[in-house]
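# below are the sequence and a predicted model for it; my questions follow.
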Amino acid sequence: MQDDRLKLLQKTRARMAAVDVPQQILGRALPIGCVAVEITQRCNLDCTLCYLSEHSEQVADVPLEEIYRRLEEAREQYGPYTNVQITGGDPTLRKHDELIQIVAYAHKLQLFPALFTNGIAASRKLLEQLTAVGLCDVAFHVDTTQQRAGFSTEQSLNAIRREYIERARGLDLMVIFNTTVHQDNIEEIPELVRFFAANAGAVGLASFQLQTDTGRGAWGARGTAVTPDGVRGCIEKVARRSLPWDAIRVGHPRCHSYLPTMVIGDTIVPVVEDSAMVGAFIADFAGQHADRREGRATVIWQYLRALGRHPRWLYRGAKFVATHLWQSCRALLRSRGRARKLSFFVQNFMDAQALDQERLDACSFMAMTADGPVSMCEHNASRDDYILKPIKFLRRDGSLGHYEPLTNQARDLEPAHS
């Protein structure tokens, strides 16, 4: 198993050569950031910025057997513990019993499934059912591009965000919020960051995705103010300090910025600032995988055992904690010692007409297709080429089926072999 994982990491690191640094997670700790498995093309919103195709609403759901095969290929290509986005369209528009089966199968394959949804049909009951079969995360996409009736600003949409937080409260799920940043809402981003900080702990990650021109939707290219630096600056405005966006790398630096923080009272504190320390930690603990579904005590015990193999980190860890406590002592006193986790992610997708081969080669976010994984930016740029392609698939009974995306039919080609 360890030899297989090493081969996967080496394969990833080879394609990451142009942007490889010691603090780069891909190729050193993970073979991939995440893999999207789209289980439906249908959606219940009409967004002004949309990644779907003009044909998406006509496309029949891919057969379960093909979804299972794509999950199996994600496991084969990137190994166990791979983060898999169960997405769409909106995946909650698929029959709920099938959605539950898909999440359960991903869990069976030792993948980490996350539900990516606008939340409209993601009821508390459904989230409970999905959590029971292995769902790890739920990512709610809420922003002003969705044209939700009666909600014209990001601040007004906080009512919906609060409702979604409550739906997931108490479940063993990390709650993520995705926000598309565009010319008309970028001035609201600092206030939105304050909302996420105020709900840190209940919200585990706030992801900001820059407006992208896929050739579809009512809006095209982004305005000049919508840049990665602009979004990072909005977060720094709330933190009231510059932040170490390069301490951890995930993929190409022009594509992603990832920043884990602690929120202490109203103070945002970065967890790590020293890229050299991050690189050393990755080198020593790359083989360690924490599955929070096994319980906090089990995860802590796993890391304590790993520390036994690298005792120098006992001193480094103690120094790290002591330094953070000293630097944050005033904020800790004001908050009575309350500190909550919140990570920030800034995603800079490429426009359909401006794909950069170096960034495609170093992609951390793949979409699983009938022909294997492709960069999500490449997939979005040529979506019809992937979703309108007829597919031959193997049924569980051994028969061969044929899926026609636009006819809503999955017919038999060959009977099962006796």
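Arrived safely.
# so what's Val19 up against?
Remark: with contacts taken as C-beta atoms under 8 Å, 6 or more residues apart in numbering, Val19 is in contact with Arg249, Gly251, His252, Pro253, Glu358, Ala362. Backbone N, C-alpha and C define where each C-beta goes, glycine included.
# I'd like the distance between it and Asp143.
Taking C-beta to C-beta, to the nearest Å as the measure, Val19 falls 29 Å from Asp143.
# just Ala286 next, same as before
The span separating Ala286 from Asp143 equals 35 Å under the rule C-beta to C-beta.
# likewise for Glu76?
According to C-beta to C-beta, Glu76 stands 35 Å off from Asp143.
# again with Cys34
20 Å.
# in this protein, which spans are strands?
Secondary structure of the chain (DSSP state E): strands located at 34-38, 83-87, 112-117, 137-141, 174-181, 205-210, 256-264, 267-270, 339-347, 365-369, 372-375, 391-394, 400-404, 409-414.
# quick one on the thing from earlier: between Glu76 and Asp143, which one's more packed in?
Neighbour tally, Glu76 and Asp143, criterion other C-beta atoms under 10 Å: the higher count belongs to Asp143, 24 against 12.
# got a list of what Val21 touches?
Residues in contact with Val21, defined by C-beta under 8 Å, 6+ apart, are Arg249, Ser275, Gly279.
# so which of those is the closest to His379?
Of all those, Arg249 has the smallest distance to His379: 22.7 Å, by C-beta to C-beta.
# my guess is that closest one contacts Arg28, does it?
No. Contact status for Arg249 versus Arg28: not in contact, 9.5 Å apart, counting by C-beta atoms under 8 Å.
# and Ser275, how far from Ile248?
8 Å.
# mind checking which of these two has more residues around it?
Taking Ser275 and Ile248 together and counting by other C-beta under 10 Å, Ile248 has the greater number of neighbours (23 against 17).
# from Ala36, how far off is that one?
22 Å.
# pLDDT weak spots in the stretch 301-418 of the chain?
Along the stretch 301-418 of the chain, the parts satisfying pLDDT under 70 run over 303, 308, 337, 408-418.
# and the helices in it, which stretches?
Secondary structure of the stretch 301-418 of the chain (DSSP state H, counting those that start in this stretch): helices at 312-327, 329-334, 357-361, 376-381, 383-387.
# hmm, back to that, which one of the strands of the chain lies closest to Cys329?
Cys329 sits nearest to strand 256-264 of all those, at 9.8 Å, using C-beta to C-beta.
# quick one: least confident helix or strand in the chain?
Least confident helix or strand of the chain, by mean pLDDT, DSSP states H and E, is strand 409-414 with a mean of 54.
# circling back to that earlier point, narrow the contacts of Val19 to just the buried residues.
With neighbours counted using 16 or more other C-beta atoms under 10 Å, the contacts of Val19 contain these buried positions: Arg249, Gly251, His252, Pro253, Ala362.
# okay, now Gly398: neighbour count?
Other residues lying near Gly398 total 11 when counted by other C-beta under 10 Å.
# and if you look at Asp246?
Applying the criterion other C-beta under 10 Å, we find 14 residues in the vicinity of Asp246.
# show me where pLDDT drops low in this protein?
Per-residue confidence of the chain (counting by pLDDT under 70) places the weak regions at 1-2, 215, 217-220, 287-300, 303, 308, 337, 408-418.
# kindly recompute the last result at 50.
Judged by pLDDT under 50, the chain has its weakly predicted residues at 416-418.
# Cys47 reaches Thr144, doesn't it?
No. Between Cys47 and Thr144 there is no contact under C-beta under 8 Å: 9.7 Å.
# what residues sit buried inside stretch 120-135?
Burial within stretch 120-135, assessed by neighbour count using 16+ other C-beta under 10 Å, is assigned to Ile120, Ala122, Leu126, Leu127, Gln129, Leu130, Thr131, Val133, Gly134, Leu135.
# contacts for it, please.
Taking C-beta under 8 Å, 6+ apart as the rule, stretch 120-135 contacts 44-45, 90, 92-93, 96, 99-100, 103-104, 106-108, 113-115, 138, 140, 164, 167-168, 171-173, 293.
# give me the buried entries from those residues.
90, 92-93, 96, 99-100, 103-104, 106-107, 113-115, 138, 140, 164, 167-168, 171, 173.
# who's in contact with the residue nearest to Phe345 when sequence neighbours are not counted?
By the measure of C-beta to C-beta, 6 or more residues apart in numbering, the closest residue to Phe345 outside its immediate chain neighbours is Ser207, 4.2 Å from it. When the contact criterion is C-beta under 8 Å, 6+ apart, the partners of Ser207 are Ala139, Ile176, Phe177, Asn178, Thr179, Phe344, Phe345, Val346, Gln347.
# quick check on the closest residue to the fifth one other than its chain neighbours: phi, psi?
Using C-beta to C-beta, 6+ apart and skipping residues adjacent in sequence, the residue nearest Thr179 is Asp143, 4.7 Å away. Main-chain torsions, Asp143, degrees, to the nearest 10: phi -170, psi 180.
# repeat for the one 5 residues further on
Dihedral angles of Arg148 (phi, psi; degrees, to the nearest 10) stand at phi -70, psi 130.
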